[in-house]
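> Below: sequence and its predicted model.
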Amino acid sequence: MTVTEQEIARYVGQVREALADLPPPVRDELLEDLPEHLAEVAAEAEGSLYERLGPPQAYAMELRTAAGVTPPAGAVNLDQRIGAAVRKGRERIRAADNRLGPVVGYTRLSDFLRLLRPAWWILRGYLAAMLITVLLAGTSFGLLPRLGGSGLAALLLLAVTITGSIWLGRRTDRMGRRPRLVLNLGAALLVLFGLAGFVELDSRAGGGSPVQYEQVYTDQYSGVQDVYVYDSQGRLLEGVRLFDQNGQPIRLGHPWCAEAQRAPSLDDAFTDLTRQPYPYCPQGAPFRFGPTSPPAPEPTAPAEPSATPSGTAPPATPTGTPGGGQSPTPTPTN
């Protein structure tokens, strides 16, 4: 930007007003070379006089200090504090500008930031469109400023706000102090709105809290219709009842065949079909083995031998005695 003669004249006039308490000869002496000095400062680099030299009141205080002119009573401390604070702030900004410039490959950081101004103009227009949508439509921050849910309206609004932001950006340096102050204040509000909107958008996408998953319980026995129990020899057992460790009956499935639904319970006192033993329908067994032989009888223990000494014959029972099994026959006499 090139500083115009009108801006130089306005800056000189404001410095003159700040030195109005001085005698005219002293004031004219301090301001004699000020227009030429301001023209040299403006020719050195881009930027307005306000940005490079600070407010005219602070510059007037520097002129007072350099000339050794005492400010009016009651304003000494205030002017000195303002001037000192402005000078220190400006020196620190310039030092940081020169120190950070080589980091990004430029002599000064401000030279690099000037190249980013078009990108900021576009971002400012986008944030302005989003703010208009939030205020008018009451919607939350999103990727597009949708008015009434229309994508075409969003694109038109973006085109208007971005174009207006670029137009203002190209004319900011030629604005007065107050318009630029209002514009900078609005830009700060848009930045705060954008930061809050991006935080909200990130939280909705899942970055601030972990995703909650609902645990779903699946019963692996929900498809069981009948229970078939086999012994160690593969024989199907019927009339089986199942119980848990607390003695509570375990019920699975339901009488699925017509025979089980019509059959009465073994006990008339328990006519509830859920009390039927397993399997409900033996004919539906998943597999059967061939006929099995009846269980073998248990082996008997061998007879214990008598207590007769070895090598001796058992005593004979005399015939005709009660233990002989034959009665004596009497001999007839003549």
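That came in fine, so what should we check first?

> Could I get the average pLDDT for the longest helix belonging to the chain?
Ranked by number of residues, the top helix in the chain under DSSP state H is helix 177-204. Taken as a whole, helix 177-204 carries a mean pLDDT of 85.

> That helix - contacts with which helices or strands?
helix 117-137 (3 or more C-beta pairs under 8 Å, 6 or more residues apart in numbering; DSSP states H and E). (Each C-beta comes from the backbone N, C-alpha and C, glycine too.)

> And the helix or strand just after the helix it packs on, how far out from the chain middle?
Helices and strands here follow DSSP states H and E; after helix 117-137, the next one along the chain is helix 151-171. Distance of helix 151-171 from the chain centroid (C-alpha atoms, centre = their mean, to the nearest Å) equals 33 Å.

> Can you point out the buried residues in helix 151-171?
153-154, 157-158, 161-162, 165-166, 168-169 (16 or more other C-beta atoms under 10 Å).

> Nearest to Arg117 among the residues you listed?
Proximity of the buried residues of helix 151-171 to Arg117 was ranked by C-beta to C-beta; the top entry is Gly169 with 6.1 Å.

> ok, the closest one - contacts?
Taking C-beta atoms under 8 Å, 6 or more residues apart in numbering, we find Gly169 in contact with 117-118, 120-121, 124.

> If we use 10 Å, what do you get?
Residues near Gly169 by C-beta atoms under 10 Å, 6 or more residues apart in numbering: 117-118, 120-122, 124-125, 183.

> Residue ranges in the stretch 101-250 of the chain under the pLDDT threshold?
Residue ranges of the stretch 101-250 of the chain with pLDDT under 70: 148-149, 205-218.

> Could you rerun that using 90?
101-116, 129-158, 169-184, 193-250 (pLDDT under 90).

> what about Phe227, which helix or strand?
Small correction: residue 227 is Val, not Phe. Per DSSP H and E: Val227 is located in neither a helix nor a strand.

> how much space between the residue nearest to it when sequence neighbours are not counted and Gly284?
Taking C-beta to C-beta, 6 or more residues apart in numbering, and ignoring the residues beside it in sequence, Val227 has Tyr278 as its nearest neighbour in space, at 4.3 Å. Distance from Tyr278 to Gly284, counting by C-beta to C-beta, to the nearest Å: 12 Å.

> Looking at the two, which is more packed in?
Neighbour count, other C-beta atoms under 10 Å: between Tyr278 and Gly284, Tyr278 has more, with 20 against 13.

> Assess the claim that that one and Val240 are in contact.
Yes - counting by C-beta atoms under 10 Å, Val240 is a contact partner of Tyr278 at 4.5 Å.

> Which neighbours do the two have in common?
227-229.

> Format those residues as JSON lines; extra columns: neighbour count.
Output for the shared contacts of Tyr278 and Val240, formatted as JSON lines (neighbours: other C-beta atoms under 10 Å):
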{"residue": "Val227", "neighbour count": "16"}
{"residue": "Tyr228", "neighbour count": "18"}
{"residue": "Val229", "neighbour count": "14"}
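
> Return stretch 151-163 as PDB; C-alpha atoms alone will do.
C-alpha atoms of stretch 151-163 as PDB (Å, rounded to 0.1, in the frame of the first residue of the first chain):
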ATOM      1  CA  GLY A 151     -27.300 -26.500  -0.900                       C
ATOM      2  CA  LEU A 152     -27.800 -23.900  -3.700                       C
ATOM      3  CA  ALA A 153     -28.700 -21.200  -1.200                       C
ATOM      4  CA  ALA A 154     -25.500 -22.100   0.800                       C
ATOM      5  CA  LEU A 155     -23.400 -21.600  -2.300                       C
ATOM      6  CA  LEU A 156     -25.000 -18.300  -3.200                       C
ATOM      7  CA  LEU A 157     -24.500 -17.000   0.400                       C
ATOM      8  CA  LEU A 158     -20.900 -18.100   0.300                       C
ATOM      9  CA  ALA A 159     -20.400 -16.300  -3.000                       C
ATOM     10  CA  VAL A 160     -21.800 -13.100  -1.600                       C
ATOM     11  CA  THR A 161     -20.000 -13.100   1.700                       C
ATOM     12  CA  ILE A 162     -16.600 -14.100   0.300                       C
ATOM     13  CA  THR A 163     -16.800 -11.500  -2.500                       C
END
